[in-house]
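> starting from these lines, generate the structure:
(one chain, ligands or ions: 1)
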Amino acid sequence: MSIPVLTIDGPSGAGKGTVSRLVSKKLGWNYLDSGSIYRSLAIAIQNTSVQVSDVDAIVEVASAMALEFECGDELVVKLNGENITGQLGLESTGSIASQIAAYPSVRAVLLKKQQDFKQLPGLVADGRDMGTVVFPDAEYKVFLTASAQKRAARRYKQLIEKEIDANIDEITSEIEARDRRDRERETAPLAMAVGALYIDSSDLTIDQVVEDVLNLIR
Ligand code: DC
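Presented below is the predicted three-dimensional model:
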């Protein structure tokens, strides 16, 4: 029996996570937050004091790590039995994740871990290369983006709400640097899949984006 897959790719901060979670709930499908797999590996290498430049050691850590995902109201992630949910969203985790994601051998190890999420009754997969590399045969594909300024403003608001000190200019430059790294890497760069529905969420509400994505499937 074929398992339907909806891929939602795009840069950080475009709203992919929120939209993917809401759409997967509405459809009753499974949800893959592929960024959290790269982020978990970033935490694993920090825990083992492996250098970001040591590709072979990173591949070893990636092959050995045991990840568990509990998708309740909030995504809970355990790395080798330890709850690492609180560290996943840190800027430092995202920055290391983006650097190690540039290594083809690291991506190769993480490929199967991501493809294993394809289970009945369906899957919503959120990331950078879901529609191009991980699930190229997906029936439904979306590319969700927003301007760097809008994404920085959303991130700034989230941090201030959590009472974390933040500087909008620093956030904008970090977002632009991350975009460049994700777009310009040779292996599986952030790119729109052929035939994907392009959505710019800069001036849309989350509900409007969710509606557009659900219309694609209906
Ligand atoms: O979506 P995110 O911000 O949680 O992702 C963190 C980093 O992981 C991102 O900068 C690049 C990398 N990543 C990737 O290379 N491929 C994916 N499918 C998802 C994330």
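> what parts of the chain come near the ligand?
By C-beta under 6 Å from any ligand atom, the residues of the chain that approach the ligand are 12, 34-35, 38-39, 94, 97-98, 101, 127-129, 178, 182. All C-beta spots, glycine's among them, are computed from the backbone N, C-alpha and C.
> now the longest helix along the chain: buried residues?
Longest helix of the chain, by residue count under DSSP state H: helix 168-184. Buried residues in helix 168-184, counted by 16 or more other C-beta atoms under 10 Å: 171, 172, 174, 175, 178, 179, 181, 182.
> relative to the ligand, how far out is residue 21?
Distance, residue 21 to the ligand, by C-beta to the nearest ligand atom, to the nearest Å: 13 Å.
> repeat that for residue 173.
Using C-beta to the nearest ligand atom, residue 173 is found at 15 Å from the ligand.
> narrow the residues of the chain next to the ligand to those in strands?
Residues of the residues of the chain next to the ligand located in strands (DSSP state E): residue 127.
> not counting sequence-adjacent ones, nearest residue to the residue nearest the centre of the chain?
Centroid-nearest residue in the chain, with C-alpha atoms, centre = their mean: residue 35, separated by 2.9 Å. Leaving aside its sequence neighbours, residue 35 sits nearest to residue 127 (C-beta to C-beta, 6 or more residues apart in numbering; 6.0 Å).
> what's opposite the one you found in the beta bridge?
Beta-bridge pairing for residue 127 (DSSP bridges): residue 9.
> will you turn the buried residues of helix 168-184 into a markdown table that also has pLDDT?
Formatted as a markdown table, the buried residues of helix 168-184 follow (pLDDT from 0 to 100):
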| residue | pLDDT |
| --- | --- |
| 171 | 92 |
| 172 | 93 |
| 174 | 89 |
| 175 | 91 |
| 178 | 85 |
| 179 | 89 |
| 181 | 87 |
| 182 | 85 |
